[in-house]
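K.L.:
Fold the following, please.
(one chain, ligands or ions: 1)
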Amino acid sequence: MKKAHYGSINGPMVEPKEFFDKATPEHRKRGIFPYCDSCREVVHLYGVHTPNPNTTPRFDHADIAPDADPLDDCILANRNQRYRGLEPDGWDDSRGAVMRKRFFEDDNLAQAYAFCLNLCRHGNLPKVKFLSMLNRADRKRVWAYVDIPLWSIPYVLLTLENFTDKKKGYEFHFSFIKPVGSNIAALWQNPEECKIVKLFSSNSKVVETSDNPYPVSEKAILDKAGDTSWIRPGFLQ
Ligand SMILES: [Zn+2]
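P.N.:
Below is the predicted model of the structure:
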């Protein structure tokens, strides 16, 4: 990770060298730590003073607990292949609070659920799994991704779980086809260059169906969600 908050989760974003220069080599003793912009955990300074000139200074996350679900890993920890290229430009928590409220309005929530359900296929998205996606989105503060539009959120949700095709008996997950080197903001900055793709979890090959890969756009969401009048308000409670 190239930047972290200095001294507290609200501290300014600094690069490793900047952190080191300001906090000094005694920073631990002085109780000054860098914090991750995403998970807000303390991260570790690495490679600022090293004899190896090939080491790029960075901030590293603490080791993930051995029994932790890899999908619960921090989006900025850079160690889960599934989350590569899915980090946002940053987080905007005050906007995020508004986005989250709008997302949970009955119509928007029903549309997000119907979209995810129809891409997974009926029977493959139990309510409990959808709730797990929402919980994970809360922990990753997806609603606060800088500039995320409401329509892009269900696409992000689909990347936060593993699914089983109940009829055919295989595991699958979702990923994105998008410009090389882009982050998740490509979904709303260059939607025409992005697609969501369903992959077999066993070998990461594309599941071949007529709607896979599927376009990324507000219209594509509406088309796939279809009629949501069958979803009663409060269906998640
Ligand atoms: Zn983190």
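K.L.:
Was I right to think Gly47 contacts Thr55?
P.N.:
Yes. The criterion here is Cβ atoms under 8 Å, and Gly47 meets it with Thr55 at 4.0 Å. Quick note: C-beta positions are derived from backbone N, CA and C, even for glycine.
K.L.:
Looking at those two, which is more packed in?
P.N.:
Regarding Gly47 and Thr55, a neighbour count based on other Cβ atoms under 10 Å identifies Gly47 as having more, with 15 against 12.
K.L.:
Could you pull up the residues touching the more buried one?
P.N.:
16, 55-58 (Cβ atoms under 8 Å, 6 or more residues apart in numbering).
K.L.:
Would you point out the most distant pair within those?
P.N.:
The span of the contacts of Gly47, defined through Cβ to Cβ, is set by Pro16 and Thr55 at 10.5 Å.
K.L.:
Identify the contacts common to those two.
P.N.:
46-47.
K.L.:
about what we covered before: just the closest of the contacts of Gly47 to the ion, please.
P.N.:
Arg58 (12.6 Å; Cβ to the ion).
K.L.:
Spit out the contact partners of the nearest residue to that closest one once chain neighbours are set aside.
P.N.:
Of all residues not flanking Arg58 in the chain, Tyr46 sits nearest, at 5.3 Å (Cβ to Cβ, 6 or more residues apart in numbering). The contact partners of Tyr46, by Cβ under 8 Å, 6+ apart, come to 16, 55, 57-60.
K.L.:
now Glu18
P.N.:
Counted by Cβ under 8 Å, 6+ apart, Glu18 has contacts Tyr6.
K.L.:
Mind listing the strands the longest strand along the chain pairs with, and their directions?
P.N.:
Determined from DSSP state E, the single longest strand within the chain is strand 170-177. With DSSP bridges as the test, strand 170-177 is paired with strand 163-165 (antiparallel), strand 195-200 (antiparallel).
K.L.:
Quick one: name the residues of the chain near the ion.
P.N.:
36, 38-39, 74, 76 (Cβ under 5 Å from the ion).
K.L.:
Kindly recompute the last result at 8 Å.
P.N.:
Counting by Cβ under 8 Å from the ion, the positions of the chain adjacent to the ion are 1, 36-41, 43, 61, 74-77.
K.L.:
mind listing the strands for the chain?
P.N.:
Residue ranges of the strands in the chain, as given by DSSP E, are 4-6, 13-14, 34-35, 44-46, 58-60, 163-165, 170-177, 195-200, 214-215.
K.L.:
Pairing partners for the last one, with directions?
P.N.:
The partner list of strand 214-215 in its sheet, established with DSSP bridges, is strand 195-200 (antiparallel).
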